[in-house]
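# got a predicted structure plus its sequence, pasted below:
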Amino acid sequence: MNPKRKQRLFTILGLVSGLGVAVGLVMYALSQNINLFFTPTQIAKGDAPVAQMIRVGGMVADGTVDRDPQSLRVAFDVTDFDHNVHVTYEGILPDLFREGQGVVVQGRISGDQFFASEVLAKHDENYMPPEVTEALRQSGKLDQIMGAEAK
Amino acid sequence: MRWRWFHQWGSPRWFYERAGRWQLVCGWLSLGLIAVGTIWGLGFAPVDYQQGNSYRIIYLHVPVAFLAQAMYAAMSVSAVVLLVWKMKIADIAMQSIAVMGLAFTALALGSGAVWGKPTWGTYWVWDARLTSMLILAFLYLALIGLRASIRDPDQAGKVCGILVLVGVVNLPIIKYSVEWWNTLHQPASLKLTEKPTMPASMWIPLLINILGYYIVAAYLVLGSMRAILVARERRSSWVRELVRRV
């Protein structure tokens, strides 16, 4: 390769890697703002701002969903298997909402409660035909797969 | 002679004729692959245990989202070739890919939104994956606009090439956004290094479609490049001869 071209190539490589480092540092500095949600552990530690709109992400804890039969009000716990956040919400839940499902909840902390204004279901990267799910459930392996997922 | 395979790309006429033949092959091949993959995926692949039939959007969404990023990678290779070797065909490649890349990115964002509403409960959320894809769309838009605003093609190529290389940092951000940060978007189901997180009856048609979309992208880019090439070389003798033959 002739020297002039070589020099241009190195100029470009220098430009791109310099830019990469700069953007990388900015991303690192902003990483808490780029995260879409706080985990229940972060909230328990007091890392999340109080009385401000935030999002919490985690699993709907088994056996905690409590629906009010008279209205659309629903209460449930969001867990990351270390800590729980007690959420109350009034509105329509997404189709995928159920116990053991990942959710991202937007709202405010008040006392030990979390008042949600929006509930989004988080889908994982696993796709399965229903027959397979059924077979896994019968052999007790479904929880293993889903448990590994939660970590 | 070692570099001949590379330098012959500099000949517009050689490229025009070769690309015409490749285009034909790519066109038919992609048509066949996408037909097989789509019919298999939409008609015969099993339903998902949670999402039911709505998961089938992956047979469109995943290929176009792959392409949106792969097009940018191809465009940055063209930018390096243009800036280092001053090869005009690389500039034409950049110009063509920017338009097609924008189309694929828009399709990825649109199909994702349509799937997001029933699954997540919202069309749009400002998480790292969705936002970085939106930035990719704006990069493509900026490149198209930048080129249109500079009259001299050599100058335009150089300036666009630099902007393309600046935008390259966005590619790893898109790819790793779902691992570096908490996002609503799920991690990848298909990875080169790991087993797919879906059964073969689901991922085989997806793989066929991904391959088909890659080839259709090649078909579209080659077609667009030939058109731009003829327009730019309109005063040259080989184009005059070509027109006379028609």
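That came through, no problem. Bear in mind the structure is a predicted one, so any value in this text is a computation, not a measurement.

# centroid residue for chain B?
Ranked by distance to the mean C-alpha position of chain B (CA atoms, centre = their mean), the top residue is B:M71 at 3.3 Å.

# do you know how far it is from A:F81?
Using CB to CB, to the nearest Å, we find B:M71 at a distance of 41 Å from A:F81. Backbone N, C-alpha and C define where each C-beta goes, glycine included.

# and if you look at B:L83?
Per CB to CB, B:L83 is found 51 Å from A:F81.

# same question, A:K45
Remark: distance between A:K45 and A:F81 (CB to CB) = 15 Å.

# B:F6 too?
Per CB to CB, B:F6 is found 56 Å from A:F81.

# ok, B:Y59 next?
Relative to A:F81, and taking CB to CB, B:Y59 is found at 34 Å.

# average pLDDT for stretch B:130-141?
In this model, stretch B:130-141 has an average pLDDT of 96.

# and that stretch, how far from the chain's centre?
Distance of stretch B:130-141 from its chain centroid, counting by CA atoms, centre = their mean, to the nearest Å, is 13 Å.

# what does it rub up against?
Outside of stretch B:130-141, the residues within contact range by CB atoms under 8 Å, 6 or more residues apart in numbering or on different chains are B:65, B:68-69, B:72, B:98-99, B:101-102, B:105-106, B:108-109, B:112, B:124, B:163, B:167, B:170, B:173-174, B:177, B:183-185.

# so where's chain B uncertain?
For chain B, applying pLDDT under 70 flags the ranges B:1.

# sorry, back to before: the more surrounded of B:L83 and A:F81?
Neighbour tally, B:L83 and A:F81, criterion other CB atoms under 10 Å in any protein chain shown: the higher count belongs to B:L83, 23 against 13.

# thought that one was touching A:L15?
No: checked against CB atoms under 8 Å, the pair B:L83 and A:L15 is beyond contact range at 9.8 Å.

# and for residue 115, the neighbour number?
Chain wasn't specified; assuming chain A. For A:F115, the neighbour count with other CB under 10 Å is 14.

# you looked at the wrong chain, it should be chain B
When neighbours are counted by other CB under 10 Å, B:W115 registers 20.

# list the contacts of it.
Contacts of B:W115 by CB under 8 Å, 6+ apart are B:54-55, B:57, B:61.

# and the spatially closest residue to B:Y55 that is not a sequence neighbour, bridged to which residues?
With CB to CB, 6 or more residues apart in numbering or on different chains as the criterion, B:Y55 has its nearest non-adjacent residue at 4.1 Å, and that residue is B:D48. On the basis of DSSP bridges, B:D48 is bridged to B:G52.

# is it correct that B:D48 is in contact with A:P129?
Yes: between B:D48 and A:P129 a contact is recorded at 7.2 Å, counting by CB under 8 Å.

# who's more crowded, these two?
B:D48 (21 against 17).

# related to what we said a few turns ago, closest to B:T193 among the contacts of B:W115?
The shortest approach to B:T193 among these belongs to B:H61, at 21.8 Å (CB to CB).
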